[in-house]
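>>> this is a predicted model, with the sequence first.
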Amino acid sequence: MKIAHSVLAATLALCGLAHAQDNYPSKAITLTVPNPPGGVVDTSARLLNEPLARILGQPVVIDNKAGGSGNVAYGAVARAKADGYNLLISYSAYHVGNPALSPTLPWEAKDFAPVALLTVATNVIAAHPSVPGNNLKEFIAHLKANPGKVNYASQGNGSLSHIGTEIFKQQSSTFMTHIPYRGSGPAVGDVLAGQVQVFITTPPSVMQHVLNGKLKAFAVTSAKRHPGLPNVPTVAEAGMPDFKLEAWVGLFAPAATPPAVIAKLTADVKKALELPETRQRADAAGIELRYLPPEALGDLVKTETAYWAKTIKAAGIKAD
C-alpha cells in the first residue's frame with residue numbers, strides 16, 4: 001500500500017509539473033541584471049523586456065542587482081527556483097572572466113542553462129578632453145611619458161573594461177592606475193568630471209558624450225567602425241591592429257529549468273529581437289542584436305571561458 005501511495009504521489013507531482021510547463025508563463029518573469037542602470041548590460045535587458053512581455057502575455061520586470069563584480073546577481077539566480085520565472089541577464093566578462101579571477105565564487109558555470117545570446121557591442125577607448133593626444137598614438141605616447149599618472153575606470157573588478165584595459169596596457173607597454181566602480185553609470189560620471197581620465201567601455205555608456213564633445217574617443221575596438229561613431233577609427237586604423245575587445249550579453253536560467261520552458265523562452269526571445277522596433281532601439285543605443293540559440297550560446301561560453309582564463313593568466317590580472 002505504501003509503494004502504491006508513493007507511485008501515486010510521484011505521478012501526481014509529474015502531472016503537476018507538466019501542467020505548470022504547459023501554462024508557462026502564468027505570472028511575471030524577473031530578469032536579474034548584474035549591473036546598475038546604464039551601460040550595455042542594463043540596456044540589453046531593457047531592449048528585451050517590453051517586447052518579450054507582449055509576446056509572452058505576462059510582465060517581464062528588471063531587477064538591477066549590482067555588486068560583487070556581478071557575483072551578487074549570479075549567486076541569487078543560481079539559487080533561484082528553476083521554473084523559468086527568475087532569469088539572468090549575463091555579461092560576458094562576468095560569466096567567463098570571474099571564474100578565472102577567483103576560485104571562490106557563489107556560483108559555477110554549471111549552475112546556469114543558456115537560453116539565448118541577445119546582443120554584442122564593441123568598446124570605445126574614451127577619455128576626458130583634458131587628456132593629451134588627438135589620436136591613439138599620441139595618447140599612448142603620453143601614457144609612456146607619464147607612467148602611473150593617468151587613472152582608468154572600470155565597471156568593477158573582473159569586468160570587460162577591467163580585463164580589456166589591462167590587455168591594452170600590456171599590448172601598448174603602458175601603465176595606468178585602475179579605479180573600479182559599481183557599473184558604467186558611476187564610472188562615466190567621474191570620467192566626465194575629470195576625476196578619472198580614461199574609460200574603455202561599450203558605446204551606450206559614452207556615445208552621446210563623445211558626440212557632444214564632453215569626452216573624446218581615440219578608437220573603437222572592433223574590426224569595423226561603429227555606425228553611431230563614424231568619425232572614430234578602429235584600433236587597426238589607429239595603429240593597434242592586435243587589440244580587439246567585444247562584449248556580449250546573454251540570457252540564462254537556473255540549470256534545472258525544464259527544457260520545454262527553455263525552448264519557449266528562446267523562441268520568444270528570438271521573436272522579440274527580430275521586431276523592427278527592437279532593432280531601431282538597439283541601433284540608437286549603439287548595440288548590435290545577435291541572437292544565438294541555447295546550444296550555440298553554450299559553445300560560446302565554453303570557448304570564451306578557456307580564452308579568458310589563458311588571457312587573464314598571461315596578463316597577470318588579479319582580483320583586487
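Okay, I see it.
>>> how many neighbouring residues does the residue nearest to Lys313 when sequence neighbours are not counted have?
Distances taken as Cβ to Cβ, 6 or more residues apart in numbering place Ala100 nearest to Lys313, at 7.3 Å, with adjacent residues excluded. C-betas here are computed from N, CA, C, even on glycine. Around Ala100 there are 20 other residues, counting by other Cβ atoms under 10 Å.
>>> ok, Gly67 next?
Neighbours around Gly67, by other Cβ under 10 Å: 15.
>>> give the contact list for it.
Gly67 is in contact with Ala73, Arg182, counting by Cβ atoms under 8 Å, 6 or more residues apart in numbering.
>>> relative to Phe112, how far out is it?
Using Cβ to Cβ, to the nearest Å, we find Gly67 at a distance of 18 Å from Phe112.
>>> max-length strand in the protein?
When the chain is parsed with DSSP state E, its longest strand is strand 112-122.
>>> alpha carbons of that one, as CSV, please.
C-alpha atoms of strand 112-122 as CSV (Å, rounded to 0.1, in the frame of the first residue of the first chain):
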residue,chain,number,x,y,z
PHE,A,112,23.1,28.1,-15.4
ALA,A,113,21.4,26.9,-18.6
PRO,A,114,21.8,29.0,-21.7
VAL,A,115,18.6,30.5,-23.2
ALA,A,116,19.8,32.9,-25.9
LEU,A,117,22.5,35.3,-26.9
LEU,A,118,21.0,38.8,-27.0
THR,A,119,23.5,41.4,-28.0
VAL,A,120,27.1,42.2,-28.7
ALA,A,121,28.9,45.5,-28.6
THR,A,122,32.3,46.9,-29.5
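>>> now the element after that strand, going C-ward?
strand 124-127 (DSSP states H and E).
>>> still on that earlier bit, okay, now the sheet partners of the longest strand of the chain, with direction.
Taking DSSP bridges as the criterion, strand 112-122 forms sheet pairs with strand 246-254 (antiparallel), strand 288-292 (antiparallel).
>>> I'd like those as JSON lines, with mean neighbour count, distance to Asp268 and mean pLDDT appended.
JSON lines is the format used below for those (neighbours: other Cβ atoms under 10 Å; distance: least, Cβ to Cβ, whole Å; pLDDT from 0 to 100):
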{"stretch": "strand 246-254", "mean neighbour count": "24", "distance to Asp268": "11", "mean pLDDT": "95"}
{"stretch": "strand 288-292", "mean neighbour count": "18", "distance to Asp268": "11", "mean pLDDT": "95"}
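>>> could you dump the ones you listed to JSON lines with distance to Gly156?
Shown next, in JSON lines, are the strands paired with strand 112-122 (distance: least, Cβ to Cβ, whole Å):
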{"stretch": "strand 246-254", "distance to Gly156": "13"}
{"stretch": "strand 288-292", "distance to Gly156": "23"}
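>>> report the angle between the helix or strand containing Ala296 and strand 288-292.
According to DSSP H and E, Ala296 maps onto helix 294-315. Using axes from the mean of the first three to the mean of the last three Cα atoms, to 10 degrees, the direction of helix 294-315 lies 120 degrees away from that of strand 288-292.
>>> packing partners for helix 294-315?
helix 98-101, strand 112-122, helix 160-172, strand 246-254 (3 or more Cβ pairs under 8 Å, 6 or more residues apart in numbering; DSSP states H and E).
>>> what's the burial count for the nearest residue to Gly286 once chain neighbours are set aside?
Spatial nearest neighbour of Gly286, excluding adjacent residues (Cβ to Cβ, 6+ apart): Pro203 at 3.2 Å. Pro203 has 26 neighbouring residues, counting by other Cβ under 10 Å.
>>> Pro203 and Val120 touch, don't they?
No. With contact defined as Cβ atoms under 8 Å, Pro203 does not reach Val120; the gap is 11.3 Å.
>>> next, show the common contact partners of the two.
In contact with both Pro203 and Val120: Ile287, using Cβ under 8 Å, 6+ apart.
>>> quick check: His128 touching Val188?
No. In this structure His128 lies outside contact range of Val188 using Cβ under 8 Å: 10.8 Å.
>>> more neighbours: those two, which one.
Val188 (24 against 20).
>>> got a list of what the residue nearest the centre of the chain touches?
By Cα atoms, centre = their mean, the chain has its centre lying nearest to Tyr91, at 2.4 Å. By Cβ under 8 Å, 6+ apart, the contact set of Tyr91 is Pro34, Asn35, Val40, Val41, Gly70, Ser159, Leu160, Ala247, Val249.
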